[in-house]
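In: Okay, predicted coordinates and the sequence, questions at the end:
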Amino acid sequence: MSMMDVDVQPPTQLTAIASPQLADGLATLPMLIPLNGAVVNGNSTLPTEPPCETVYVQNLNESVTMNTLKQTLTNLFKNYGEVLDVVAHHNLRMRGQAFVSFADPEAAAKAVKEVDRFPLYGKPMKLSFAKTRSDAVVQKLDGTHMEEYKAERMERKKRARADNPLRRKAQARLKASAGDGTAPQAGRRIVQMPDEYLPPNKILFLQNLPDSTTLDQLQMLFSQYPGLHEVRLVPTKKDIAFVEYVDENAASTAKDALHNYRLDGEAKMKVTFARK
């Protein structure tokens, strides 16, 4: 029988019980329930925050499945009043935490007083009042203003993020980078090798050609050097072309001879090895 099928009794006296065997293989663990308002490990269980209908639960066992955890918390806290909602997630920001919403603040206050440090699945829970009401509480108390409440809650989140110290530090670094003329880099910049230092290739890459350059002109020019195989123009780019030789040695000879050659008597033709 799993924890989900058992009504968890309120911790009204100091006693020892065993955590039931979980479906995901959790071992049976002894659990000590503290006295009402008792001091456990030097920490008083009496709440110090102003009462709120929603209770913030920390230090939950992260290995328990989410459905089991929610059902167990519901069964435990319903002993103190009507439980409207239990919110818990396994994401990085929320794991090990939950919010339990009651119908009234008196039930929440009693739960915080009596359940704080209750060992659930081998870990003593830490209870406190939430800073704000949950959506479930607002819906029950004043459902007609739910949309306004949600908009206000989102605005509070935005303000909290803007006031986050880490965010402010990051923004300060961005401003400092902009001030010294160096733009922040989102990732490692890929450095491409300059054309002049590319390894030998039997295909040559021609750049800076005059717009009037023809295929016949290039074939006549590069055929002066043995091993010419093909000359290819690029229809959409008149200022570049490719010249292919039978091997790298033949291409190297033509490259060294014709680099910076002036086809029209003015602009220098750039001849490099093509990228492989």
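Out: On my side now, so go ahead.
In: how about the helices of the stretch 1-150 of the chain, start to end?
Out: Listed from the start of the chain, the stretch 1-150 of the chain has helices (DSSP state H, counting those that start in this stretch) covering 66-77, 105-115, 135-142, 146-162.
In: and the end-to-end length of stretch 93-103?
Out: Using CA to CA, to the nearest Å, the gap from the first to the last residue of stretch 93-103 comes to 26 Å.
In: Which residues outside that stretch are in contact with it?
Out: For stretch 93-103, the external contacting residues (CB atoms under 8 Å, 6 or more residues apart in numbering) are 53-62, 69-70, 73, 77, 80-89, 108, 111, 130, 133-134, 136-137, 140. (Glycine included, C-beta is placed from N, CA and C.)
In: which among those residues end up buried?
Out: The neighbour count (16 or more other CB atoms under 10 Å) marks 53-57, 60-61, 69-70, 73, 77, 80-81, 83-88, 108, 111, 130, 133-134, 136-137, 140 as buried among the contacts of stretch 93-103.
In: Sort out for me which of the contacts of stretch 93-103 are in strands.
Out: In this view, the contacts of stretch 93-103 that belong to strands under DSSP state E are 54-58, 83-87.
In: which residues of the protein score low on pLDDT?
Out: In the predicted model, the chain carries pLDDT under 70 at residues 1-50, 134-136, 140-146, 149-151, 153, 156-157, 160-164, 166-167, 177-193, 195-196.
In: Domains in it, by residue range?
Out: Per the TED database, the structural domains of the chain span 54-139, 203-273.
In: where along the stretch 151-276 of the chain do the strands fall?
Out: Using DSSP state E, counting those that start in this stretch, the strands of the stretch 151-276 of the chain run over residues 203-207, 228-234, 237-245, 261-262, 268-273.
In: among those strands, which is the most enclosed?
Out: Stretch with highest mean neighbour count among the strands of the stretch 151-276 of the chain: strand 203-207 (a mean of 20; mean count of other CB atoms under 10 Å).
In: what's the angle from that strand to strand 237-245?
Out: With axes from the mean of the first three to the mean of the last three CA atoms, to 10 degrees applied, the angle from strand 203-207 to strand 237-245 works out at 160 degrees.
In: Strand partners (parallel or antiparallel) of strand 203-207?
Out: Strands flanking strand 203-207 in the sheet, each with its direction: strand 237-245 (antiparallel), strand 268-273 (antiparallel) (DSSP bridges).
In: These: which one's closest to Glu230?
Out: Smallest distance to Glu230 across the strands paired with strand 203-207 (CB to CB): 4.6 Å, for strand 237-245.
In: Name the residues that touch the closest one?
Out: For strand 237-245, contacts defined as CB under 8 Å, 6+ apart pick out 202-211, 213, 218, 222, 225, 227-234, 251, 254, 274.
In: same thing but 6 Å
Out: Counting contacts by CB atoms under 6 Å, 6 or more residues apart in numbering, the residues outside strand 237-245 that touch it are 202-204, 206-207, 209, 211, 222, 227-234, 251.
In: Could you tell me the angle between it and strand 228-234?
Out: Between strand 237-245 and strand 228-234, the angle comes out at 160 degrees (the same axes, to 10 degrees).
In: could I get the domains of the chain as a markdown table with distance to Pro165?
Out: Converted to a markdown table, the domains of the chain look like this (distance: least, CB to CB, whole Å):
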| stretch | distance to Pro165 |
| --- | --- |
| domain 54-139 | 17 |
| domain 203-273 | 52 |
